[in-house]
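In: give me a 3D structure for the following:
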Amino acid sequence: MMRQYELVERVQKYKPDANEALLNKAYVYAMQKHGQQKRASGDPYISHPLEVAAILTDMRLDESTIAVALLHDTIEDTTATRAEIDELFGEDIGRLVEGLTKIKKLDLVTKKAKQAENLRKLLLAISDDVRVLLVKLADRLHNMRTLDHMSPEKRARISEETMEIYAPLAGRMGMQDMREELEELSFRHINPEAHDTVTKRLEDLSRRNEGLVKKIETELRDLLVANGLSNAMVSGRQKKPYSVFRKMQSKSLSFEQLSDVYGFRLLVDDIPDCYRALGIVHTRWRVVPGRFKDYISTPKQNDYRSIHTTIIGPSSQRIELQIRTKRMHEIAEYGIAAHTLYKDALAAENETLSRESNAYSWLRHTIEALAEGDSPEEFLEHTKLELFQDQVFCFTPKGKLIALPRGATPIDFAYAVHTNIGDTTVGAKINGRIMPLVTRLNNGDEVEIIRSGVQVPPAAWEEIVVTGKARAAIRRATRMAIRKQYTGLGHRILERTFERAGKIFSREGLRPALHRLGQKDVEDAIAAVGRGEMSSLDVLRAVYPDHQDERVTVKPAGDEGWFNVRSASGMIFRIPGKTPAELATIEGGAELPIRGIASDVTVNFAPTGAVPGDRIVGIMEKNRGITIYPIQSPVLQRFDDEPERWIDVRWDLDEANKSRFAARILINALNEPGTLARVAQTVADIDVNIRLLSMVRIATDFTEMALDVEVWDLRQLNQLLVQLKELDCIATVKRLYE
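Out: All right, here's what the predicted structure looks like:
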């Protein structure tokens, strides 16, 4: 176990003026508080905060951060309090220790909604001060190094959490060495068989190629020195098991098919030497086409800068090369932890480099996304997309660099520039040519967005884009467009209802009645009427409490084909539902002519049906009575300008109902023997009747089936849709309203 003076000496090596008294006080306090506590390994508990502090000294962090590392478990696991730490060490250190205590309680591998909410809390905790993340990552690294003493279940849970959250976060913060070690340790516990297999194959390869790495290092170094780069440093290594396994999985390769198991780093003095070394290497050995990336001229968002190339090098071995300066190498190893030490020197190397860490900038933008998503699940989706996807770099026509996940489209590009630009996108030019919006962008593409002020992003775009920001914005715009439609419909329904009651509807008149309707604002109330969630008569009564009106209710009668029409006064009229009867001539705005039991009013259903549970609306049609439509039916758009024909109706079913109702579904199925039989069996198994079936071949392998079915209610219809979707011979299934 590391001694007190050893820790102080480690800090003073890179920070001679470090506050030695603070380090000593934190060491003694942590030692006293943890006392005789033991870890699962049997070691004194104090060994853990000491090792965490040692990891942070390797990153050359300041003494305050080292003190936080020593104290990070005291509030959680000892009698220490925030107030006590504030008093002894200051509020800054106390705040960081408390933030780490909160993070320790988060379960980041749990059911989706809870995981998303905990990820929010994690990112919020580290957004105020990135040192919280640095200490947490060091804490997790030491825990992973000593995980063998835990139970198998706990090892699996901690490893999964590390692989899903902490390793990608380390990578996003530019700390590649830590990310690789976290991934490697997690891989060993998550998939021990694969880890052991790949490790054994790499060991066998290393024995067969004994001395090869040293030979290539020597040949590369001699070549660079001979060409004037006398200070160049060359180091090589065999790739780690997880890196090899991930490549085998992503590219569907066997171990024998891997050709670039070795990687080499060339460290030189400055940026011109980077490009000089690249020229020397490319002149001496053949380049593998398509394997060159320049992250010096276009750095990654986590500040990583280097030149990557792959060559057929010494001994005809395919090897990957990374060429960078020594300062760039520090950033590549320690990421954001090294930024404060090197930002001035880095800015001097490249005037275009931001003075703020790009890695921390990504963290801030991710925190801003907390307000973008409308649900924890959307935030989880957004963050994981941002964590795990590689990047492509594209440019605006004015030369601004936009970094996007690989596979991004011009739609993602537009939303990355600004949400309003994404919402109004109608087309795009890529490198001067008009291209489809579904085009996948490549590194170096120049993208010009074509816009229109009347554009509303289609909901289908959500399936095209890959960035969380674009998906959240499209969902939000789609919801707003739908809300606008429902608000317009609700406004027309309310105007007609108020007019028939001899009143005038106005938004201002509705405002005082909102509390009685349980709505937040006028627009919410009007949209609720349009969606069928609230009756227009309820709104009328809320605005005019003394008003009395009657409401039409559609209710199946005992005999099939007949319905009851009941008014709010309680009088019930039995009317035929299938045999058309003459309806008295309806002029604009006329009342529904119910005069008594002798006055039959025909009630029809839309051709594609409406079933109990649907939100419904009635349309008065000349000589046809009332036709009932589901509120989702696009046919209703034909009546937008005729609000006087809309009838407020609702279901009023009872246990005696024995009628089935028609609905139409559309199925896209594989064209193979047995498909129709499986569909028919699924329909029969849940007591649904098929009235009509039509089939059309739409492609060599696919057939489109239109089924008119009879169901008891919406619940049964939804059950049918779910069970059909689960059949492996079904590509898509949906309900038709047209």
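In: so which residues of the stretch 1-150 of the chain form helices?
Out: Chain-ordered helices for the stretch 1-150 of the chain, with DSSP state H, counting those that start in this stretch as the definition, fall at 4-14, 20-34, 47-58, 63-71, 74-77, 82-89, 91-104, 112-127, 131-145.
In: out of those helices, deepest packed?
Out: Comparing the helices of the stretch 1-150 of the chain by mean neighbour count (mean count of other C-beta atoms under 10 Å), helix 63-71 comes out on top with a mean of 26. Glycine gets a C-beta too; all of them are placed from N, C-alpha and C.
In: packing partners for it?
Out: helix 4-14, helix 20-34, helix 47-58, helix 82-89, helix 91-104, helix 131-145 (3 or more C-beta pairs under 8 Å, 6 or more residues apart in numbering; DSSP states H and E).
In: picking that back up, dump the helices of the stretch 1-150 of the chain to CSV, plus mean pLDDT and distance to Ala232.
Out: Rendered in CSV, the data for the helices of the stretch 1-150 of the chain read as follows (pLDDT from 0 to 100; distance: least, C-beta to C-beta, whole Å):
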stretch, mean pLDDT, distance to Ala232
helix 4-14, 86, 24
helix 20-34, 91, 38
helix 47-58, 90, 24
helix 63-71, 91, 33
helix 74-77, 88, 47
helix 82-89, 91, 45
helix 91-104, 83, 40
helix 112-127, 62, 37
helix 131-145, 89, 31
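In: I'd like the ones you listed written out as TSV, with distance to Glu160 added.
Out: What follows is the helices of the stretch 1-150 of the chain, written out as TSV (distance: least, C-beta to C-beta, whole Å):
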stretch	distance to Glu160
helix 4-14	32
helix 20-34	28
helix 47-58	21
helix 63-71	25
helix 74-77	22
helix 82-89	31
helix 91-104	17
helix 112-127	11
helix 131-145	12
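In: ok, which of those helices comes nearest Ala663?
Out: Among these, helix 112-127 comes nearest to Ala663, with 31.2 Å by C-beta to C-beta.
In: before we move on, the earlier item: of the helices of the stretch 1-150 of the chain, which approaches Ser536 most closely?
Out: With C-beta to C-beta as the criterion, Ser536 lies closest to helix 112-127 of these, at 35.3 Å.
In: can I assume Trp285 is in contact with Gly313?
Out: Yes. Applying C-beta atoms under 8 Å as the test, Trp285 and Gly313 come out as touching, 5.0 Å apart.
In: doesn't Arg237 fall inside a helix?
Out: No. Counting by DSSP: H, G, I helix; E, B strand; the rest coil, Arg237 is not part of a helix but strand.
In: residues contacting it?
Out: Listed by C-beta atoms under 8 Å, 6 or more residues apart in numbering, the contact partners of Arg237 are 213, 262-264.
In: what do you get if the cut-off is 10 Å, keeping everything else the same?
Out: Contact partners of Arg237, counting by C-beta atoms under 10 Å, 6 or more residues apart in numbering, are 213, 217, 261-265.
In: narrow these to those in strands?
Out: 262-265 (DSSP state E).
In: returning to what we had before: wait, which of the contacts of Arg237 is closest to Ile667?
Out: Taking C-beta to C-beta as the measure, Val261 is the one of those closest to Ile667, at 48.8 Å.
In: quick check: that closest one vs Arg284, distance?
Out: Val261 sits 21 Å away from Arg284, going by C-beta to C-beta, to the nearest Å.
In: ok, the two, which is more surrounded?
Out: Using other C-beta atoms under 10 Å, the more surrounded residue of Val261 and Arg284 is Val261, with 21 against 15.
In: low-confidence ranges, the stretch 501-650 of the chain, go.
Out: Low-confidence segments of the stretch 501-650 of the chain, defined by pLDDT under 70, are located at 532, 547-602, 622-625, 643-644, 648.
In: which parts of it are helices?
Out: Using DSSP H, counting those that start in this stretch, the helices of the stretch 501-650 of the chain run over 507-510, 514-517, 522-531, 536-543.
In: centre of the chain versus the third one, how much separation?
Out: Centroid displacement of helix 522-531 relative to its chain, using C-alpha atoms, centre = their mean, to the nearest Å, is 30 Å.
In: now do the buried residues in that helix.
Out: With burial defined by 16 or more other C-beta atoms under 10 Å, the residues of helix 522-531 counted as buried are 522-523, 525-531.
In: hang on, the earlier thing: tell me which of the helices and strands packed on helix 63-71 approaches Gly407 most closely.
Out: With respect to Gly407, and counting by C-beta to C-beta, the nearest of these is helix 131-145 at 27.5 Å.
In: immediately after the closest one, which helix or strand?
Out: Scanning the chain past helix 131-145 towards its C-terminal end, the next helix or strand to appear is helix 152-161 (assignment: DSSP states H and E).
In: same for that next one, what does it pack against?
Out: helix 131-145, helix 176-190, helix 192-208 (3 or more C-beta pairs under 10 Å, 6 or more residues apart in numbering; DSSP states H and E).
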